[in-house]
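[1] using only what follows, build the 3D model:
(chains A and B)
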2 protein chains.
Amino acid sequence: MATLIFPTNHSPVEDAEAIRKAVEGWGTDEKSIITILGHRNTYQRQQIRKAYEELYQEDLVKRLEKEISGDFERAVYRWILEPADRDAVLAHVVIKEGKNYHVIAEIATVLSPEELLAVRRAYLHRYKHSLEEDVAAITSGHLRQLLVGLVTSYRYVGEEINARLAQSEAEILHEAIKEKKGSQEEVIRVLTTRSKTQLVATFNRYREAHGASISKKLVDETSDEFQKALYTAIRCFNDHTKYYEKVVRNAIKKTGTDEDALTRVIVSRAEKDMREIKELYYKRNSVHLEQAVAKDISGDYKNFLLALLGKED
Amino acid sequence: MATLIFPTNHSPVEDAEAIRKAVEGWGTDEKSIITILGHRNTYQRQQIRKAYEELYQEDLVKRLEKEISGDFERAVYRWILEPADRDAVLAHVVIKEGKNYHVIAEIATVLSPEELLAVRRAYLHRYKHSLEEDVAAITSGHLRQLLVGLVTSYRYVGEEINARLAQSEAEILHEAIKEKKGSQEEVIRVLTTRSKTQLVATFNRYREAHGASISKKLVDETSDEFQKALYTAIRCFNDHTKYYEKVVRNAIKKTGTDEDALTRVIVSRAEKDMREIKELYYKRNSVHLEQAVAKDISGDYKNFLLALLGKED
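    From the prediction side, this is the model:
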C-alpha cells in the first residue's frame, strides 16, 4: 500500500497559484512546495502542471529546477513526473553516468510488461533514441545481453507454470551461478524471457534442490556490474518489497547517505507499496524508517521525503 | 499499393450466410469461398467471422479448416486472420519446425515498432508464451541474439539521423561482414537497436565507402541460419519491396514451388504494397506475376492467390 497522503478534492488552479506564489520574487517558499507537491498523487500533479502552464505560460518543472537545488530539487523533479517518464529519466541517468546499471535491471524487472513498455515509449519520446539502443551502445558482453534482454522483454503474464521447465532451468541457473561453469547465456535467456510466475517457480525449485535461495548463492554486491545486475534482477523477481527495503537500508547505513538510491525508492514506491517496505524496514532494523531518514538527512530534502513517507503536516 | 479488390459496401451477415451455404452438406463450394473471402479487406473479414459466429455458434476458421485442405487451406487460414495474428502464426510455424528463421527476421524488420508490438501481443495471447521466449528457447549463440534482438526491438521512428554514427557503424559492419573479423555482437547491436532511418543512412555510407551495397557483400543464401537472418534483416531495412519480389521469384523458380513463401508474401502484402512488388517482378522477369503464378500452381489455391493479386472475377 501507498504511504502518500493526498486530498480527494483539490483545485489544480489553486495549487498552481500557491506554487507560483512560493517561487515568485526573492527566495523560495520550500515549505509550501512540500505541503502541496508532497501530498498530491500522480494524476493531481499532472493536473497542477497543466494548470500552471496554462496560467503562466511556463513549464512548472523548469521553473522549480531554477528555484530549488541539490537533493531536494532532484527528489521534487523525479516525483513530479509521471511514473513512466520518471523511470525513463532514471534509466537515462544510468546511461549518462555509465554506472549503477543495476537500476535499469530494477526498473525492467519490477514493472509489469505494459508499464515497462510505457517507460520505453517515454524514453523514446524524451531522447529520440530507444532505451535498448542507448543501453546497448554503452555496454558489451554479458552485461549488454542481460540489460537489453530485460528492458526489451514483454513477458507472459498469467498463472500457467511449466513445472518440468522450472526444474530443468533451476539446474541451468545452478550450474552457471553456483558452480561458475555452464553458460551465462542460458542464465540470461531464462531471466530475460520467462514469465515472472515461471521464474519464481524456478527459484523455488532451486531452493528445494540446493538448500538455499538462489540470491544467497549469488556473489555479493561488491562484484562487477553484470553480477550486480543479475543479483538485482533475481531479487526483484523474487520479492521486490524485500529488495527495496535492502536498498533503503544500505542507502542509510552508508557513511554519507546514498541520496540517489533513497530518493529513487521513496519517489517510486510512495504511491505503490511503500507501506510494506516501511513495515519490513521496522521488522529488520527495529527502527522506524521515518526516524532513520530524519536522522540521516536534513532540511527541505528531509521534509519532502518524510511527507512522501506519510508524515502528517 | 494494395492489389486486393473489395466492395465498399458488403453485408457481413449475407457473406456469412453464403459461406455457410458453401461449406454445408456434401462437398464444398470453394469457388464461393474464394469469391467472398478473396475480395474482403481485414476489417470486413473480421466482421464476417463475427457474424458467422453469432449466426451459427461456430468458429468460421475452424469450420474452414475442416472443409478445405492443403495449400488452399493454409492460404485461406493465413488470409482470414488479422495481420498481427497472422504474423504470430507465421512466427510460431518457424518455432515449431525449427527452420526458416529468416521469416522471423522478415516480420520483425518490415513491421513498424507498433505493428511488431501487436504481433508480440497476439503471440502471447495465442500461445501463453512470449515470442522472444520461444525464439530464445530453440536458438543459441548469434542467431539467438540477432532474432531476440529483432523481435523485441521498439525503435525510434523519426527523421533524426546521426551522420557520424552512420559512418562509424558502417565501418563496424564492414569489418565484421566483409572482412569476417571484428565483432558479430556489434553487428547485432547495430541492426537490432538503431532506427530504420539511421540504418539506411549507415548502409548508404557503407556503399559510398566500399563501392557496393552491404547486401551484395553478404554471403549468399545457402549459408547458415544466422547469415540468412542477417541478410534478410538488412535487405528488409533497405527496401522490403525488392526483398519480397525476390522471395516470390525464388519461390516460383524452384523445382517444386515453395508454396509457403509464395502464400506468405501474397497474403501479407495484398492489402499493402503488392502492386509495387508485382511491378518490380514484371520489370525483373518480363513476365507478369499473375502469369507466373498461374503456370506454377493450380486449382483452388491458384484461383485464391490470383484473386488476392487483383484478378477480377
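
[2] residues touching A:R264, list them.
    A:78, A:90, A:103, A:247 (Cβ atoms under 8 Å, 6 or more residues apart in numbering or on different chains). The C-beta positions use only the backbone N, C-alpha and C, and glycine is treated the same way.

[3] so which strand or helix has the last one?
    Assigned by DSSP states H and E, A:V247 belongs to helix A:225-253.

[4] that helix close to chain B?
    No - interface with chain B: helix A:225-253 contributes nothing (Cβ under 8 Å from any Cβ of the partner chain), its closest point being 14.5 Å away.

[5] what mean pLDDT does that helix have?
    Mean pLDDT, helix A:225-253: 95.

[6] do the same with stretch A:262-281
    For stretch A:262-281, the per-residue pLDDT values average out at 98.

[7] now it: how far from the chain's centre is it?
    Counting by Cα atoms, centre = their mean, to the nearest Å, stretch A:262-281 is centred 9 Å from the centre of its parent chain.

[8] need the distance between the two termini of it.
    Looking at stretch A:262-281, the gap from its leading to its trailing residue is 13 Å under the measure Cα to Cα, to the nearest Å.

[9] again, but for stretch A:151-163
    From the first residue to the last, stretch A:151-163 extends over 26 Å; the measure is Cα to Cα.

[10] show me where the stretch 201-313 of chain A has helices.
    The residue ranges that make up the helices of the stretch 201-313 of chain A, judged by DSSP state H, counting those that start in this stretch, are A:214-217, A:225-253, A:259-269, A:274-285, A:289-296, A:299-308.

[11] with distance to B:R45 added, can I get the ones you listed in JSON lines?
    Written out in JSON lines, the entries for the helices of the stretch 201-313 of chain A read as follows (distance: least, Cβ to Cβ, whole Å):
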{"stretch": "helix A:214-217", "distance to B:R45": "48"}
{"stretch": "helix A:225-253", "distance to B:R45": "41"}
{"stretch": "helix A:259-269", "distance to B:R45": "45"}
{"stretch": "helix A:274-285", "distance to B:R45": "49"}
{"stretch": "helix A:289-296", "distance to B:R45": "57"}
{"stretch": "helix A:299-308", "distance to B:R45": "52"}
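
[12] quick one, what contacts A:D71?
    In this structure, A:D71 makes contact with A:259, A:263, A:297, A:301, judged by Cβ under 8 Å, 6+ apart.

[13] could I get those as JSON lines with neighbour count and distance to chain B?
    Converted to JSON lines, those look like this (neighbours: other Cβ atoms under 10 Å in any protein chain shown; distance: Cβ to the nearest Cβ, whole Å):
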{"residue": "A:E259", "neighbour count": "18", "distance to chain B": "32"}
{"residue": "A:T263", "neighbour count": "26", "distance to chain B": "28"}
{"residue": "A:I297", "neighbour count": "22", "distance to chain B": "37"}
{"residue": "A:Y301", "neighbour count": "24", "distance to chain B": "35"}
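
[14] flag the shaky bits of chain A, pLDDT-wise.
    Across chain A, the ranges flagged by pLDDT under 70 are A:178-182, A:219-222, A:313.

[15] one step back: for the contacts of A:D71, which one is nearest B:G141?
    The nearest member of the contacts of A:D71 to B:G141, counting by Cβ to Cβ, is A:T263 at 40.8 Å.

[16] which residues does the residue lying closest to that closest one once chain neighbours are set aside contact?
    What sits nearest to A:T263 in space, not counting adjacent residues and going by Cβ to Cβ, 6 or more residues apart in numbering or on different chains, is A:A75, at 4.6 Å. A:A75 makes contacts with A:263, A:266-267, A:301, A:304-305, as judged by Cβ under 8 Å, 6+ apart.

[17] taking these together, which two end up most distant?
    Of all pairs drawn from those, the one with the largest separation by Cβ to Cβ is A:V267 and A:Y301; the distance is 11.9 Å.
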